[in-house]
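Undergrad: okay, sequence plus prediction incoming.
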Amino acid sequence: MLLTHRTLLLPLLFGISLVLTGCGGGGDNTPPLPQNLKENGIDNTSYEERLESGDLRRGAFVMRSDGPKSFDPIRGSTVYENRMASQVYETLVQYKYLKRPFELEPLLLEEMPKVSEDGATFSFKLKKGVHFQDDACFPDGIGREMVASDVIYSWKRMADLKSNSKVWWIVKDTIEGFDAYYDEQNAEGNATFDYEKDVAGLRIKNAYEFDVTL
């Protein structure tokens, strides 16, 4: 069962997509490439030779000619839109670049989630000082700090058919009480989607910490 719970959690870690920028100075924070790719489990001599010689191809690569139908992650329903979103939005975790076999690391999280003994509850801790980009939706147009309630709100948006969500299948049958919440909020005759209503498996502990129970 532990393996099943871990497998179910993986899409949730990437399902949270927010337009964010880190607080503090700018600059290129991209980590340098390793001196030897084999140290990261990649045996690719040809790649190393091209990297050293400067022949590694760089430039713009067209993924799709007609453009995405939406920049809203919950409305993306194609591989191309999802690839676009992955270049624009940050997620709770990411894969380590060039690491093989694949390994996850925190991105918006302070550390990887802690797992309960039964494997059903995952405890998350957000990084402090991560801010939304400036936008007219915020007071005076200044982006505020991201907090745990923003993560929960983003997951609830995935259940909101009134927002034309196309990604409910990612979280369906995963989080405790989430399917019942989905059915209730999208029921015929329900005019508004209640983002304030609690979901049993989504529990906010404080501004930066929250639990998810599967």
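TA: Looks like it arrived, so ask away.

Undergrad: was I right to think residue 128 contacts residue 209?
TA: No: taking contacts as Cβ atoms under 8 Å, residue 128 lies outside contact range of residue 209: 11.0 Å. C-beta here means a position set from N, CA and C on the backbone, and glycine is covered the same way.

Undergrad: which of the two has more residues huddled nearby?
TA: residue 209 (15 against 12; other Cβ atoms under 10 Å).

Undergrad: phi and psi next, for the more buried one.
TA: Dihedral pair for residue 209: phi -130, psi 140, per degrees, to the nearest 10.

Undergrad: quick one: residues contacting it.
TA: 123-126, 148 (Cβ atoms under 8 Å, 6 or more residues apart in numbering).

Undergrad: for the buried ones among those, write the corresponding ChimeraX selection.
TA: This is the ChimeraX syntax for the buried subset of the contacts of residue 209, where burial follows 16 or more other Cβ atoms under 10 Å:
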select :124,125,126,148
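
Undergrad: from residue 73, how far off is the spatially most central residue of the chain?
TA: Centroid-nearest residue in the chain: residue 91, 2.8 Å away (criterion: Cα atoms, centre = their mean). Distance of residue 91 to residue 73, given as Cβ to Cβ, to the nearest Å: 10 Å.

Undergrad: ok so, going back, was I right about the residue nearest to the centre of the chain contacting residue 105?
TA: No: the pair residue 91 / residue 105 is not scored as a contact, 11.3 Å apart, by Cβ under 8 Å.

Undergrad: what distance do you get for the closest residue to residue 130 other than its chain neighbours to residue 176?
TA: Distance criterion Cβ to Cβ, 6 or more residues apart in numbering; nearest residue to residue 130, sequence neighbours excluded, is residue 146 at 4.8 Å. From residue 146 across to residue 176, the span is 24 Å (Cβ to Cβ).

Undergrad: now do residue 79
TA: In terms of Cβ to Cβ, residue 79 sits 30 Å off from residue 176.

Undergrad: just the helices in the chain please.
TA: 2-15, 45-53, 79-88, 148-157, 168-171, 178-185 (DSSP state H).

Undergrad: which stretch in those helices has the least confidence?
TA: Looking at these, the lowest mean pLDDT belongs to helix 2-15 (a mean of 51).

Undergrad: ok so, going back, looking at residue 146 and residue 176, which is more packed in?
TA: Applying other Cβ under 10 Å to residue 146 and residue 176 shows that residue 146 carries more neighbours, namely 23 against 16.

Undergrad: test my guess that the more buried one contacts residue 131.
TA: Yes: counting by Cβ under 8 Å, residue 146 touches residue 131, with 6.7 Å between them.

Undergrad: and residue 192, what does it touch?
TA: By Cβ under 8 Å, 6+ apart, residue 192 has no neighbours at all.

Undergrad: and if you look at the one 10 residues further on?
TA: With contacts defined as Cβ under 8 Å, 6+ apart, the neighbours of residue 202 are 152, 155, 175, 177-178, 210-212.

Undergrad: if we use 10 Å, what do you get?
TA: Residues counted as contacts of residue 202 (Cβ atoms under 10 Å, 6 or more residues apart in numbering) are 148, 151-152, 155-156, 175-178, 181, 210-213.

Undergrad: what's the distance between it and residue 74?
TA: In terms of Cβ to Cβ, residue 202 sits 16 Å off from residue 74.
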